[in-house]
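Just to be clear, the model below is a prediction. Sequence and coordinates:
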Amino acid sequence: MAQNHTPFTPDSGTLQIDLPSADAATAFAEICAQHLGAGDTVLLSGAVGTGKSHFARALIRHHLGPDTDVPSPSFTLVQVYAAAFEIWHADLYRLTYTGELAELGLDEALGQALCLIEWPDRLGDMPIGPALRIDLAYHGQGRLAQVSGASAPLRAALTSEFAP
Ligand SMILES: Nc1ncnc2c1ncn2[C@@H]1O[C@H](COP(=O)(O)OP(=O)(O)O)[C@@H](O)[C@H]1O
Ligand SMILES: [Mg+2]
């Protein structure tokens with residue numbers, strides 16, 4: 001699919017978005033931010049360095065200002081931000097057992113806060129409900145994002161911004 005630059009694949013419902021630079025990835029995150037709020041879940045998958053934290057940082061800064069410190073939650077597992085609603089940024093790469101998710105309170109934050117979750121495969125069989133899924137991959141100097149589970153308005157906004 002890497003050679004196909006069409007941002008919208010009607011049959012699968014998956015948007016494929018070319019992000020040639022970190023600035024493009026920031027613009028992508030800001031459009032998503034405008035269509036996400038309390039109770040929404042974003043699952044960010046993709047190899048190390050594909051821009052999962054970059055997406056979360058841009059979204060959090062969209063709400064809290066460009067100078068907001070957004071440290072990687074790779075050791076703390078979660079960082080919680082107080083915007084107009086809570087934003088939870090989780091990086092589950094180092095999760096050692098799924099019971100830790102409840103200890104962190106992530107099970108209760110899901111469906112209440114806006115939850116941005118890196119390495120969502122570590123969630124195991126924890127029920128997460130409907131979610132926006134963003135799968136990032138290396139693509140030349142940039143990245144390719146496969147987006148599924150987007151609301152109709154978000155799909156429309158992304159298609160209009162990223163259509164060739
Ligand atoms: N679309 C993109 N094109 C080029 N560089 C990007 C893009 N998205 C993110 N980056 C850069 O990739 C690097 C790694 O991003 P990061 O968000 O830490 O990855 P991850 O959290 O997936 O491990 C950062 O320097 C970031 O600015
Ligand atoms: Mg990361």
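Received it, and whenever you're ready, just let me know what you need. Numbers count the residues shown, from 1 in each chain. Ligands and ions are numbered 1, 2, ... in the order given.

Please tell me the pLDDT value assigned to the residue in the chain that ligand 2 sits nearest to.
As assessed by C-beta to the ion, ligand 2 sits closest to S53 within the chain, at 3.3 Å. From N, CA and C alone the C-beta is placed, and that goes for glycine too. Reading off the confidence values, S53 has pLDDT 98.

Touching, it and D91? I think so.
Yes. Here S53 reaches D91: they are 7.2 Å apart, a contact under C-beta atoms under 8 Å.

ok, Y97 - how many residues close by?
Neighbour count for Y97, taken as other C-beta atoms under 10 Å: 8.

I'd like the distance from it to ligand 1, if you could.
22 Å (C-beta to the nearest ligand atom, to the nearest Å).

pretty sure that residue belongs to a helix, no?
No. According to DSSP: H, G, I helix; E, B strand; the rest coil, Y97 belongs to no helix; its state is coil.

State the pLDDT value of it.
pLDDT, read off for Y97, is 88.

cool, P130 as well?
Reported pLDDT for P130: 93.

How about the one 5 residues further on?
Here, the pLDDT recorded for D135 equals 98.

so which strand or helix has the closest residue in space to it that isn't next to it in sequence?
Spatial nearest neighbour of D135, chain neighbours left out: Q146 (4.4 Å); criterion: C-beta to C-beta, 6 or more residues apart in numbering. Assigned by DSSP states H and E, Q146 belongs to strand 142-148.

Residue numbers of the chain in contact with ligand 1?
19, 21-22, 24-25, 46, 48-54, 142-143 (C-beta under 6 Å from any ligand atom).

Mind giving me the ChimeraX command for buried ones among those?
With 16 or more other C-beta atoms under 10 Å as the criterion, this ChimeraX line picks the buried residues out of the residues of the chain next to ligand 1:
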select :19,24,25,46,50,51,52,53,54,143
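
Among the residues of the chain next to ligand 1, find me the one that's closest to M126.
Among the residues of the chain next to ligand 1, K52 lies closest to M126 (C-beta to C-beta), at 18.7 Å.

Does S151 touch H35 like I think?
Yes. Applying C-beta under 8 Å, one finds S151 in contact with H35, separated by 6.1 Å.

With neighbour numbers in mind, choose between the two.
Set side by side, S151 and H35 show more neighbours around H35, with 17 against 13, by other C-beta under 10 Å.

Which parts of this protein are strands?
Ranges of strands in the chain, per DSSP state E, are 8-9, 14-19, 41-46, 78-82, 86-91, 114-118, 132-139, 142-148.

among those, which gets the worst mean confidence?
Among those, strand 8-9 scores lowest, with a mean of 42.
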